[in-house]
Every structure is written in structure tokens, then in C-alpha cells.
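>>> Sharing a sequence plus its predicted fold:
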Amino acid sequence: MTLIVDCFLAHFHCSLFIVISSLSFHHSQLQSSLFIHLSPATYICSMQLPSSLLENAVNAFSALPGIGKKTALRLVLHLLKQDVGEVQHFGEVISKMRTDIKFCQRCANISDADICSICANKMRNQQLICVVENIRDVIAIESTQQFNGTYHVLGGIISPLDGVGPNELNIENLVMRIQKEEVEELIFALNPTIQGDTTIYYIQKKIGQSTCKVTTIARGIAFGGELEYADEMTLARSITNRLPVNQYVK
Ligand SMILES: [Zn+2]
């Protein structure tokens, strides 16, 4: 067994060395090609802006995720062409969103009031709780229009390597909800990762012998996917968690 592990590690290190060497080679090639076409000054500071006010705005936009300097400059120049009133309104909307937005006291979803519109909606099944990692997941599931229960936003998942433990998450409130509310079913809609599974395991242990049903969203081959390209774990789970055809094909 030790021999197998040693062989695996040796093979892994060897492969890693080859990959790193090839990356370094391509990187140095790329650098030299850049230096051929650009002067050193251009290479270090490629964007010279004529105004510090413009530069500040570009820096502010490029601090947003997914926005590079060029995109930031395009957005800022677009704003510069707008009426002063329109740009002021734009600034006020962003500022008001940051200061006035609330988090639902029950489920931690984003809300305009103390209780979010989903928790306050009597038409929804309040005995059904879907546990998600973040607000983006609530928006994604709501977009399917297939879920009529409520949510509970954890604010992350247990990940010791990233310094996220159970105490950093909205788990205690979930346990209290299960104890106080007549919860029929708890649905875990967390990413199928080791961290996701650890979080499910922890919460399950925490709620103990609760009478509510505990489920997780289905895992397996994606719709439109091809079996031969699926990884072994996904395919194995798909077979283990197979469904009766009349439940799946309607
Ligand atoms: Zn809520």
C-alpha cells in the first residue's frame, strides 16, 4: 500500500514538474514577445490617463470583480457622456442599496424589510426549508420557478482550510427554526463538494433526532450531458441514486 502511495506521489511530482516547466517556458516566450512590441515604459504602465478624477473612477470600477482596467475605462467614459443628473441618480441608487438593504431575520435572504418577501408569502409552503450557501443560490433556485418553500442562507460552507468553521455560519438560527417551526422537510441544496458534504454532515448531527425529513438535491449527470465524459464519482452517484422512470420522465 505504501509502495502504491509512493509511486503515485512520484508520478504526481514528475507530472507537476513537467507542467510547471512548460508553463515557465510559455511565460518567458510571452514576456519576450511583449518586450519586442512594447517599450519597457509601456509594459509597466500601459494606461496613461489625462485626469486624476478619471483615474480614480477607473480604479473604483476596476476594483469590482470581473472588471478589468479597459472595461472600467469604457464604463467611466460612458458615464461621462450622460447628463449630470443621470449620473447622480446612478450614484444614489448604488449608495442607497448599500445603506438601506436588510437581511431577513428568519432566513438571512436579502430583503427590503425585517422579513423577506419569501418568508412573508403565505402562499408558499413555510414548512419546507431549502438550505443554501449564499444569496446567489436563492436567486438561481427561484429562477427555476419549481420551488415553493422557504430558504435558509448559511452565508458559506464549512471549510477549515479557508478558516470557515460552523460558528462563522448561520447554523444556530437554522437549528432554532427547526425546533420552533413545524418543519416538514429540510432540503440541502449545497454544492456537491467535500466542504458541502461536511456542512450537511455537521448540520445533520446538530439537529439530532428531529422529526423533519432531511433530503439533498439530486446529484448526477447534467441534463444534456454525455455519460462517457462524466467523471467516475458523478457516474457512480447517478447509478446509486437512480430514480424510477415515471418520476423522471413526465
Ligand atoms: Zn426570509
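Thanks, I have the structure now.

>>> I'd like the next helix or strand past the least confident helix or strand in the chain by mean pLDDT.
Lowest on mean pLDDT, DSSP states H and E among the helices and strands of the chain sits helix 40-44, with a mean of 40. Remark: after helix 40-44, the chain's next helix or strand is helix 52-62, criterion DSSP states H and E.

>>> Q127: neighbouring residues, count only.
Neighbours of Q127 under the rule other C-beta atoms under 10 Å: 13. Just so you know, the C-beta spots here come from the backbone N, C-alpha and C atoms, and that holds for glycine as well.

>>> What is the burial count for the residue nearest to it when sequence neighbours are not counted?
Leaving aside its sequence neighbours, Q127 sits nearest to E184 (C-beta to C-beta, 6 or more residues apart in numbering; 4.1 Å). For E184, the neighbour count with other C-beta under 10 Å is 14.

>>> residues in contact with E184?
N125, Q127, L128, C212, K213 (C-beta atoms under 8 Å, 6 or more residues apart in numbering).

>>> Flag the shaky bits of this structure, pLDDT-wise.
1-46, 248-250 (pLDDT under 70).

>>> sorry, back to before: which one of the contacts of E184 has the most neighbours?
L128 (18 neighbours).

>>> Do a quick rundown of the helices in the protein.
With DSSP state H as the criterion, the chain has helices at 2-37, 40-44, 52-62, 69-81, 84-100, 117-120, 135-144, 171-180, 194-207, 232-240, 245-248.

>>> before we move on, back to that, I'd like the distance between the residue nearest to Q127 and the ion.
17 Å (C-beta to the ion, to the nearest Å).

>>> How about the residues of the protein by the ion?
When proximity is defined by C-beta under 5 Å from the ion, the chain lies next to the ion at C104, R106, C107, N109, C116, C119.

>>> Return the member of those residues nearest to L154.
Ranked by distance to L154 (C-beta to C-beta), those are led by C107 at 10.3 Å.

>>> wait, that closest one sits on D114?
No: with contact defined as C-beta atoms under 8 Å, C107 does not count as touching D114 (11.6 Å).

>>> Neighbour count for the two, which is higher?
Applying other C-beta under 10 Å to C107 and D114 shows that C107 carries more neighbours, namely 24 against 12.

>>> quick one, what contacts that one?
C116, I118, C119, I129, T150, Y151, H152, V153.

>>> ok, so of the residues you listed, who is nearest V76?
Among the contacts of C107, and counting by C-beta to C-beta, the member closest to V76 is V153, at 33.4 Å.

>>> correct me, but the closest one touches R106?
No: the criterion here is C-beta under 8 Å, and V153 misses it with R106 at 10.3 Å.

>>> more neighbours, those two?
Using other C-beta under 10 Å as the criterion, V153 and R106 rank with V153 on top: 25 against 21.

>>> Contact partners for the closest residue to A189 other than its chain neighbours?
Excluding the flanking residues, the one nearest A189 by C-beta to C-beta, 6+ apart is I217, at 4.8 Å. I217 makes contact with I187, F188, A189 under the criterion C-beta under 8 Å, 6+ apart.

>>> I'd like to know how far I217 sits from K205.
20 Å (C-beta to C-beta, to the nearest Å).
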